[in-house]
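In: quick one: sequence and predicted model below, then my questions.
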Amino acid sequence: MKAYFFFFFITLFCSTIVAQPKEIAKLPQTDSIIKEDAIVIKKKKFTYFVSDRLCDDSKYDIFKVVPTTNPPSIIIVRGHMEALDNPTLKRARINVFNASNNELVGIFNTNSYNGNYLLVLVPNVKYIFKVEAKGYGIMQEVIEVPSKIDYEICQQQLKVKLNDKQKPVLLINSFFADENEKVFYLKSFSDTTNINADNSSEDELTNHSNTKKDKQYANIDELVKKQIEEEKKKPSEALKAFKNNDFEKASMFYGELLKNDPSDPFINYYYGVSLLKLDKNKAKAITSLLLAANYKVVPYDVHLYLGKAYHLSYLFLEAIASFYDYTKRAKPEEVESNQVRHLIDNCKNGISLITNQINIDVIKRAPISLDNILANYNTELTDTRVTYKTEFFYSSIDKKKQEKLLVCNFNKHEFIQASYGEKGFTGLDLYKNIYDSTGNLGAAKLLSTEVNTSYDENYPYLSADGKTLYFSSKGHNSMGGYDIFKCTRSDTSSTWSKPQNMGYPINSTYDDILFIPDTANQYAAYCSNRKNNSFEYIQVKFPERSFTNSIIKGNFTTLDSIPGKNAMITVYSLSTEELVGVYKTNSSNGNYLMVLPSEVTYAMTAPRSIQTSLMLKNSFSLMIGSKPLFL
């Protein structure tokens, strides 16, 4: 009966096909009739075919499909390979064939570090997967992508193992899932009859795939191969952008590649470095660099970049540990050229400064151009008292550098300027010029080593009474970049005191320059590039009241099926837009402890780790009252 049923439909189908040419042959072969016939075919809505592709019991179904000239949609398969009885094995070669014509669609290698891979398939096609792994030989399984798929991303799990008889077994589980976790499973057909021995060579597989290489591929195969080539170009394009220092483009490319393989160490390395170079989302940079740092094959300067990312995020202890890891692997000359010892000192200084932060209110913030930095300041405080250097003050090296440097003065009698000097061995230093007994302005003399260091000193400003000198320095106890310092003297003929760091949050791990207070020392202005690495003018007020601290005990967890406990919580003050602190949760239980000034409104963000998601999990604000708070 089954055979009769199948024969009936085949006969009906074939007779329909054969009958049409006979009827057309009876008609005159004119251009108008051919055009009309083409229109009839074009208007045809459906076609039918018979197949047993979806049946386990060998029964046939009639499929009704709609012809279309549009190319089929592309399905991206993000897979993970796992050897159940050999967890260290991550490398395998996946050869994908179109089952209808036995043509090779593509050869894909899994990531040797995490077993991930990326495939490109199209709907309504049956594929043969031939997987080759060391110790397992070549295994085969058939996968079919259904004709109606609402999702473009497929998750695939490829598992290999040896059975009780030490024969290799291949298991492939594939499914589609949308944001609401609706799951659509793909059907696969195991083929245990075509398992080659362990000594099967790669040449056999290659020769098999090239037997029909001169044949014109079907449209679907060409589409898949074209898409595969596009995917293969992305890593080389990303690396090219990175080497050309086009970190904007590199971060975009590597960000896309991470979506398909979020645990690849090299992608994370290049992505993290790109973000750090752009000074964008340091939390993401840390997460990627931290993952990459676990692999010895990644360039060892990953520890240097990770340390810098930690440092800029005020995670000073973690930064110090990363810098020490770098010194263990780098050459002594590399450690010296990258000023790693100085970076470690910056972190140690930062620990002390951020623990004893000062209280300020930010009144104004505005972007500025560094070439015209004086334009934003109160002219009553700058006019004739601080200006750009004239020809008289420039040394020979200053002229070669062609930088716009500042000079300040006290009653036009004593001038203090930033200069490279005549030798320039220690970079920028502070010099003074004073009038001699004959009434002539004398030559520049270097200020004492109490003020100058082996690092740069710049942006001097003298108070109205001439007893306080404000300047920026990369030395002393700077927490990173230029920090603002002040030193005092009892009168204009005395020596300057030891410079004092103005503290956090006036200073940051970035460059903070040209501090100018008002005459009452209630307000002040300075410039900083802590925000997006672009300089801005910041005006602050020093409140008379001191603040108390509140202790916050909390717990972090994700809402995933397997809750995540590891996160970095970044806390900002909404009034000053300054970073207050970065806190790491306990990776085992999610607990954290924060100490924050009271009577301040904060914004808190907690980005999840790269292993789970790069999305921002949550953001909220809270107001801490005037009394110490324990949560």
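Out: All right, it came through fine.
In: tell me where the model's unsure across the chain.
Out: For the chain, applying pLDDT under 70 flags the ranges 1-73, 146-152, 177-221, 223, 544-549, 560-562, 575-578, 597, 599, 606-631.
In: got the domain boundaries for it?
Out: 2-65, 75-213, 234-329, 361-541, 549-624 (automatic domain parsing).
In: just name the most buried of these.
Out: domain 234-329 (a mean of 20; mean count of other Cβ atoms under 10 Å). Any C-beta I mention is one placed from the backbone N, CA and C, and that applies to glycine too.
In: and that one, how far from the chain's centre?
Out: 7 Å (Cα atoms, centre = their mean, to the nearest Å).
In: and the end-to-end length of that domain?
Out: Start to finish, the residues bounding domain 234-329 are 31 Å apart (Cα to Cα, to the nearest Å).
In: please, where are all the helices along the chain?
Out: With DSSP state H as the criterion, the chain has helices at 2-25, 31-43, 202-209, 219-243, 247-260, 265-278, 282-292, 302-312, 316-329, 332-337, 340-355, 379-382, 396-401.
In: in CSV: those helices, plus distance to Ile373.
Out: CSV is the format used below for those (distance: least, Cβ to Cβ, whole Å):
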stretch, distance to Ile373
helix 2-25, 82
helix 31-43, 70
helix 202-209, 64
helix 219-243, 33
helix 247-260, 26
helix 265-278, 23
helix 282-292, 26
helix 302-312, 23
helix 316-329, 29
helix 332-337, 30
helix 340-355, 24
helix 379-382, 10
helix 396-401, 17
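In: so which of those helices is nearest Val122?
Out: Minimum separation from Val122 across the helices of the chain (Cβ to Cβ) falls at helix 219-243, 5.4 Å.
In: quick one on the thing from earlier: wait, which of the helices of the chain is closest to Ser463?
Out: helix 379-382 (9.8 Å).
In: what's the closest one packed up against?
Out: The helices and strands touching helix 379-382, judged by 3 or more Cβ pairs under 8 Å, 6 or more residues apart in numbering; DSSP states H and E, number zero.
In: output that helix as CSV, restricted to C-alpha atoms.
Out: Taking C-alpha atoms only, helix 379-382 is exported to CSV below (Å, rounded to 0.1, in the frame of the first residue of the first chain):
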residue,chain,number,x,y,z
THR,A,379,41.3,87.2,33.6
GLU,A,380,41.6,88.9,37.0
LEU,A,381,43.7,86.0,38.1
THR,A,382,45.7,85.4,35.0
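In: can you give the distance of it from its chain's centre?
Out: That offset, for helix 379-382, works out to 43 Å (Cα atoms, centre = their mean).
In: can you map out the strands along the stretch 401-550 of the chain?
Out: 406-410, 414-419, 429-434, 445-446, 457-462, 468-473, 483-488, 500-501, 512-517, 523-531, 534-541, 549-555 (DSSP state E, counting those that start in this stretch).
In: can you put these in JSON lines and add distance to Ala285?
Out: JSON lines is the format used below for the strands of the stretch 401-550 of the chain (distance: least, Cβ to Cβ, whole Å):
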{"stretch": "strand 406-410", "distance to Ala285": "34"}
{"stretch": "strand 414-419", "distance to Ala285": "32"}
{"stretch": "strand 429-434", "distance to Ala285": "34"}
{"stretch": "strand 445-446", "distance to Ala285": "40"}
{"stretch": "strand 457-462", "distance to Ala285": "28"}
{"stretch": "strand 468-473", "distance to Ala285": "26"}
{"stretch": "strand 483-488", "distance to Ala285": "23"}
{"stretch": "strand 500-501", "distance to Ala285": "27"}
{"stretch": "strand 512-517", "distance to Ala285": "22"}
{"stretch": "strand 523-531", "distance to Ala285": "16"}
{"stretch": "strand 534-541", "distance to Ala285": "18"}
{"stretch": "strand 549-555", "distance to Ala285": "24"}
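In: out of those strands, which gets nearest to Asp246?
Out: If we rank the strands of the stretch 401-550 of the chain by Cβ to Cβ, the stretch that ends up nearest is strand 534-541, at 18.8 Å.
In: which residues touch that closest one?
Out: 360-370, 373, 376-377, 506, 511, 522-529 (Cβ atoms under 8 Å, 6 or more residues apart in numbering).
In: could you do stretch 566-584 as well?
Out: In contact with stretch 566-584 (Cβ under 8 Å, 6+ apart) are residues 283, 286, 313-315, 318, 354, 360-362, 365, 505, 508, 530-531, 556, 585, 587, 590, 592-597, 600-609, 617, 621.
In: pull the CA atoms of it into PDB?
Out: Output of stretch 566-584 as PDB, limited to C-alpha atoms (Å, rounded to 0.1, in the frame of the first residue of the first chain):
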ATOM      1  CA  ASN A 566      32.200  38.100  39.800                       C
ATOM      2  CA  ALA A 567      31.900  41.800  38.900                       C
ATOM      3  CA  MET A 568      33.600  45.100  39.200                       C
ATOM      4  CA  ILE A 569      31.300  47.800  40.700                       C
ATOM      5  CA  THR A 570      32.200  51.300  39.600                       C
ATOM      6  CA  VAL A 571      30.900  54.200  41.800                       C
ATOM      7  CA  TYR A 572      30.700  57.800  40.500                       C
ATOM      8  CA  SER A 573      29.600  61.000  42.300                       C
ATOM      9  CA  LEU A 574      26.800  62.500  40.300                       C
ATOM     10  CA  SER A 575      27.600  66.000  41.600                       C
ATOM     11  CA  THR A 576      31.200  66.000  40.500                       C
ATOM     12  CA  GLU A 577      31.100  63.300  37.900                       C
ATOM     13  CA  GLU A 578      34.200  61.900  39.500                       C
ATOM     14  CA  LEU A 579      35.100  58.300  40.000                       C
ATOM     15  CA  VAL A 580      34.800  57.600  43.700                       C
ATOM     16  CA  GLY A 581      36.000  54.000  43.600                       C
ATOM     17  CA  VAL A 582      36.100  50.600  41.900                       C
ATOM     18  CA  TYR A 583      35.200  47.600  44.000                       C
ATOM     19  CA  LYS A 584      35.600  43.900  43.100                       C
END
